[in-house]
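J.: coordinates only, sequence not included:
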């Protein structure tokens with residue numbers, strides 16, 4: 001038995017009998033890191049992460065390459081920490097996405113707030129809808145600004161065709177800004193709308209998310 005095995009077993013038993021309610025944030029990280037760092041005391045690593053990022057949500061939202069700058073965090077630990085919020089987000093979206101009808105900007109915006117929750121970088125999503133606004137698929141198109149080459153219009157069109165979509169909602173976030181469209185956002189929107197119009201599919205909206213809020217370009221008159 002290793003020097004830390006007894007402490008680890010006590011921590012596991014605490015969790016198994018009482019859940020995480022009695023755990024401090026650094027203890028949650030310590031417990032989680034057991035499964036990526038099997039033969040090292042993870043307590044000082046957990047404290048170092050909390051000191052570096054300031055909070056548990058900030059640790060879990062940190063990019064993998066930045067996480068690895070913390071002493072003791074290797075590839076496996078960085079992947080595990082990065083994986084946790086994405087698994088939780090996927091589970092939430094699967095739950096709320098069942099028979100989801102996004103026939104208004106309010107409904108679509110509420111759904112997208114879940115999609116972008118915890119994202120620290122710009123991400124682009126495409127939602128494919130049927131004629132009644134039912135969500136057929138939500139596709140993550142990539143990371144980066146919609147005004148850059150990261151917006152793959154050809155892939156967006158292919159997704160729409162393959163899902164049998166009648167309409168598409170484009171969405172991206174402004175992680176460090178406000179939910180207002182830039183000139184580049186407007187140009188990209190017109191490019192996407194033209195590509196979809198060419199195959200008879202409507203661009204219903206382009207929604208921009210920032211700081212727990214969203215702006216609908218359709219409601220704001222940009223798609224008129």
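T.: Sure thing, it's come through. No experiment lies behind these values; they were computed from the predicted model shown.

J.: which helix of this protein spans the most residues?
T.: Determined from DSSP state H, the single longest helix within the chain is helix 75-97.

J.: So which other helices or strands are in contact with that one?
T.: Judged by 3 or more C-beta pairs under 8 Å, 6 or more residues apart in numbering; DSSP states H and E, helix 75-97 is in contact with helix 25-33, helix 56-61, helix 64-67, helix 105-116, strand 135-143. Placement of C-beta: from N, CA and C, glycine included.

J.: what's the closest of those to residue 213?
T.: helix 105-116 (8.4 Å; C-beta to C-beta).

J.: List the buried residues for the next helix or strand after that closest one?
T.: From helix 105-116 onward toward the C-terminus, using DSSP states H and E, the following helix or strand is strand 123-129. Residues 123-129 are the ones in strand 123-129 that count as buried (16 or more other C-beta atoms under 10 Å).

J.: With stretch 184-199 instead?
T.: 185-186, 188-189, 192-193, 195-196.

J.: try stretch 27-45
T.: Buried positions in stretch 27-45, judged by neighbour count with 16+ other C-beta under 10 Å: 27-33, 36-37, 41-43, 45.

J.: want to try TSV for the residues you listed, with pLDDT and distance to residue 212 as columns?
T.: Shown next, in TSV, are the buried residues of stretch 27-45 (pLDDT from 0 to 100; distance: C-beta to C-beta, whole Å):
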residue	pLDDT	distance to residue 212
27	95	28
28	95	23
29	96	25
30	96	29
31	95	29
32	95	26
33	96	29
36	94	31
37	94	34
41	92	37
42	95	32
43	94	33
45	96	31
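
J.: Return the closest of those with respect to residue 107.
T.: Nearest to residue 107 among the buried residues of stretch 27-45, with distances taken as C-beta to C-beta, is residue 28, at 33.3 Å.

J.: How about that closest one, nearest residue that isn't a chain neighbour?
T.: The shortest distance from residue 28 to any non-neighbouring residue, by C-beta to C-beta, 6 or more residues apart in numbering, is to residue 20 (5.9 Å).
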